[in-house]
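Undergrad: Fold the following for me, if possible:
(chains A and B)
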Amino acid sequence: MNGKHITKLGFTGADIGLALAAATLRERAGAERDEILKELARVQRSPESYTGGLYANLAESLMAAQAEELLHDDDMLRPEPLDYRVWGRELIEPGALAQMNTAMRLPISRAGALMPDAHVGYGLPIGGVLATEGAVIPYGVGVDIGCSMRLSVYAAPAASLDARGAVGLLQKHTRFGAGVGWDRRERLHHDVLDDPAWHSQPLLRHLFDKAVNQLGTSGSGNHFAEFGTFTLPAAQGGLEPGSYLALLTHSGSRGFGAQVAGHFTRLAESLHPHLDASAKKLAWLGLDTQEGHDYWQAMTLAGEYALANHEQIHGRVAKALGEAPALSVSNSHNLAWKQEVGGRELIVHRKGATPAASGVLGLIPGSMADPAYLVRGRGQPDSLESASHGAGRQMGRKAAEKAIAKADWKAYLAERNVTLLGGGIDEAPQAYKRVEEVIAAQTDLVEVLGSFQPQVVRMDSGSEDI
DNA sequence: ATGTCC
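TA: Numbering: from 1, shown residues only, chains lettered A, B, ... in the order given. As a prediction, this is how the structure comes out:
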């Protein structure tokens, strides 16, 4: 028996000497080498079973090293989630609560909240708000970085644009579909394309052309552009009470943001190989690392790019109408912000949650045929100054295709006199929670200022009618 | 959400 046999078992440092000393004692007692090596392997596997006897010194050294490792294992989940508040718990599926619980066990988590539109997503649930310290979670922001809403209210009666006119404007000035961009000669410039950040990372340089191509487009899934009637009960932002023509859009950072999200999620996962499997998609990047800095820069750019998409859509329509909007409101609902929470600067992730600091305006849409609401934040600290970002799905896309009858979907639209361009049954109003209930569950988070009833809605047609 | 693996 010599040091080679010991190191071959994987012992290191002082443990080699301790193992060798114990092995010598066993040899003197007449034990065979193979037997001793098997015993050493067992001590190594479960040192807690050998705290008495001649392997005690080795066992205690191994256990001390284990404890040290745990102490420095930054990826260990807390045994129990931190406390957090849930709004509209009765509206939320168990899977979304389970995902939020996992997020609240991350060592970097400090506070969180769940909004009443919550449902299961990748990593953090949609409708999840999570405050972390010194780190950002790519999937805490989500795939569609900077996904956002914008409303333009025109000082004109809703009836001043008929359905036919609205259809024409949407078809001419919006573009939908995965991979879709504007033709070269139709593209418009925007200051976001002059941001030096595009040239600061290989990934951003690579995605620049795609971003130029897709600027001012709407994408697919639940994204939409719709004309409707905005009703304001009390004066707001220089607008008198009344009913007005309005344009509401839901769009994000398109392929650019999706690829940023994918790239940094894979990077974060690779940097946390020992993270518990349940939290794999919640892998984070330290903000004091190059990777964390790069993500923050790319995420910020994607957030600005998404808002630029809305600006171009609304700009094209305003130009066609020959009229500037009397009221404009926009908000991002998939992003991370540096925010002071309880006297500390934390990273607040809102993944499908509307910023609702005191006095801040936001938009909460219902569905293709249900009202959207203009809201004003109440700055509730327990929600980390957040509210829901919509009604939230009550069934997945595939479940919706099975459960909802096409006739019921069409009847719902007809009853509300909604004209739909594109759109699939997976986005039918019946696939969503009742937005009125979701709004009622968060009266302490936001005040409703006005409502918007969609009338002519454009969405991606998906694979259905290509 | 995204031409669903840069």
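Undergrad: I'd say residue A:59 and residue A:44 touch.
TA: No - assessed by Cβ atoms under 8 Å, residue A:59 is found out of contact with residue A:44, at 9.2 Å. (Glycine included, C-beta is placed from N, CA and C.)
Undergrad: who's more crowded, those two?
TA: Ranked by neighbour count (other Cβ atoms under 10 Å), residue A:59 and residue A:44 place residue A:59 first, with 21 against 18.
Undergrad: which secondary structure elements does the helix or strand containing the more buried one contact?
TA: Per DSSP states H and E: residue A:59 is located in helix A:56-71. Secondary-structure packing of helix A:56-71 (3 or more Cβ pairs under 8 Å, 6 or more residues apart in numbering; DSSP states H and E): helix A:14-28, helix A:33-45.
Undergrad: among those, which is the most enclosed?
TA: Among the helices and strands packed on helix A:56-71, the stretch with the highest mean neighbour count (mean count of other Cβ atoms under 10 Å) is helix A:14-28, at a mean of 17.
Undergrad: relative to helix A:33-45, how tilted is that helix?
TA: Orientation check (axes from the mean of the first three to the mean of the last three Cα atoms, to 10 degrees): helix A:14-28 against helix A:33-45 gives 140 degrees.
Undergrad: What's the mean pLDDT across helix A:14-28?
TA: Mean pLDDT, computed over helix A:14-28, is 93.
Undergrad: report the longest helix in chain A, please.
TA: Looking across chain A with DSSP state H, the single longest helix is helix A:290-321.
Undergrad: what about that one and DNA strand B, touching?
TA: No - applying Cβ under 7 Å from any atom of the strand, one finds helix A:290-321 separated from DNA strand B by no less than 9.3 Å.
Undergrad: Can you name the residues in contact with the following helix or strand past that helix?
TA: Using DSSP H and E, the helix or strand that follows helix A:290-321 in sequence is strand A:327-332. Contacts to strand A:327-332, defined as Cβ atoms under 8 Å, 6 or more residues apart in numbering, come from residues A:146-153, A:236-239, A:303, A:306-307, A:310, A:314, A:350, A:354-355, A:360-363, A:374.
Undergrad: in strand A:327-332, what's buried?
TA: A:327, A:328, A:329, A:330, A:331, A:332 (16 or more other Cβ atoms under 10 Å).
Undergrad: ok, those vs DNA strand B, which is closest?
TA: Checking the buried residues of strand A:327-332 against DNA strand B by Cβ to the nearest atom of the strand gives residue A:332 as the nearest, at 13.7 Å.
Undergrad: hmm, stretch A:247-260 in reach of DNA strand B?
TA: Yes - if you take Cβ under 7 Å from any atom of the strand as the test, stretch A:247-260 does meet DNA strand B, through A:252, A:254, A:255, A:258, A:259.
Undergrad: quick one: secondary structure of the last one?
TA: Pointing back at residue A:259 there. Classification of residue A:259 using DSSP: H, G, I helix; E, B strand; the rest coil returns helix.
Undergrad: Sheet partners, orientation included, of the helix or strand following the helix holding residue A:59?
TA: Per DSSP H and E, helix A:56-71 leads on to strand A:85-86 as the next helix or strand towards the C-terminus. In the sheet, strand A:85-86 lines up against strand A:109-119 (parallel) (DSSP bridges).
Undergrad: Can I get the next helix or strand along the chain from the strand it pairs with as PDB, trimmed to CA atoms?
TA: Downstream of strand A:109-119, the next assigned helix or strand under DSSP H and E is strand A:126-132. Extracted in PDB, the C-alpha atoms of strand A:126-132 (Å, rounded to 0.1, in the frame of the first residue of the first chain):
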ATOM      1  CA  ILE A 126     -45.500  34.400 -16.500                       C
ATOM      2  CA  GLY A 127     -46.800  37.000 -14.000                       C
ATOM      3  CA  GLY A 128     -43.900  36.500 -11.700                       C
ATOM      4  CA  VAL A 129     -42.000  39.300 -10.100                       C
ATOM      5  CA  LEU A 130     -38.600  38.500  -8.600                       C
ATOM      6  CA  ALA A 131     -36.000  40.700  -6.900                       C
ATOM      7  CA  THR A 132     -32.500  39.400  -6.800                       C
END
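Undergrad: Does whichever helix or strand comes after strand A:126-132 pack against any helices or strands, and if so which?
TA: Downstream of strand A:126-132, the next assigned helix or strand under DSSP H and E is strand A:135-136. Strand A:135-136 sits against strand A:285-286, helix A:290-321, strand A:344-351, with contacts defined as 3+ Cβ pairs under 8 Å, 6+ apart.
Undergrad: How about residues contacting strand A:135-136?
TA: Against strand A:135-136 from outside (Cβ under 8 Å, 6+ apart): A:108, A:284, A:285, A:286, A:287, A:292, A:295, A:296, A:299, A:336, A:347, A:349.
Undergrad: Would you check that the first one makes contact with residue A:131?
TA: No - the pair formed by residue A:108 and residue A:131 falls short of the contact definition of Cβ under 8 Å, at 9.5 Å.
Undergrad: Looking at these two now, which is surrounded by more residues?
TA: In this view residue A:108 and residue A:131 are compared by other Cβ under 10 Å, and residue A:131 has more residues nearby, 24 against 21.
Undergrad: partner residues bridging the more buried one?
TA: residue A:111, residue A:348.
Undergrad: Model confidence at it, what's the number?
TA: The model's pLDDT for residue A:131 equals 98.
Undergrad: Could you do residue A:221 as well?
TA: The predicted local confidence for residue A:221 is 95.
Undergrad: now do residue A:71
TA: For residue A:71, the predicted pLDDT is 64.
Undergrad: same thing with residue A:66?
TA: Confidence for residue A:66, expressed as pLDDT, is 79.
Undergrad: From the contacts of strand A:327-332, which land in helices?
TA: For those, the ones inside helices are A:303, A:306, A:307, A:310, A:314, with DSSP H as the criterion.
Undergrad: now the residues you listed in CSV, with neighbour count and pLDDT?
TA: Below are the ones in helices among the contacts of strand A:327-332 laid out as CSV (neighbours: other Cβ atoms under 10 Å; pLDDT from 0 to 100):
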residue, neighbour count, pLDDT
A:303, 24, 98
A:306, 28, 98
A:307, 20, 98
A:310, 25, 98
A:314, 22, 98
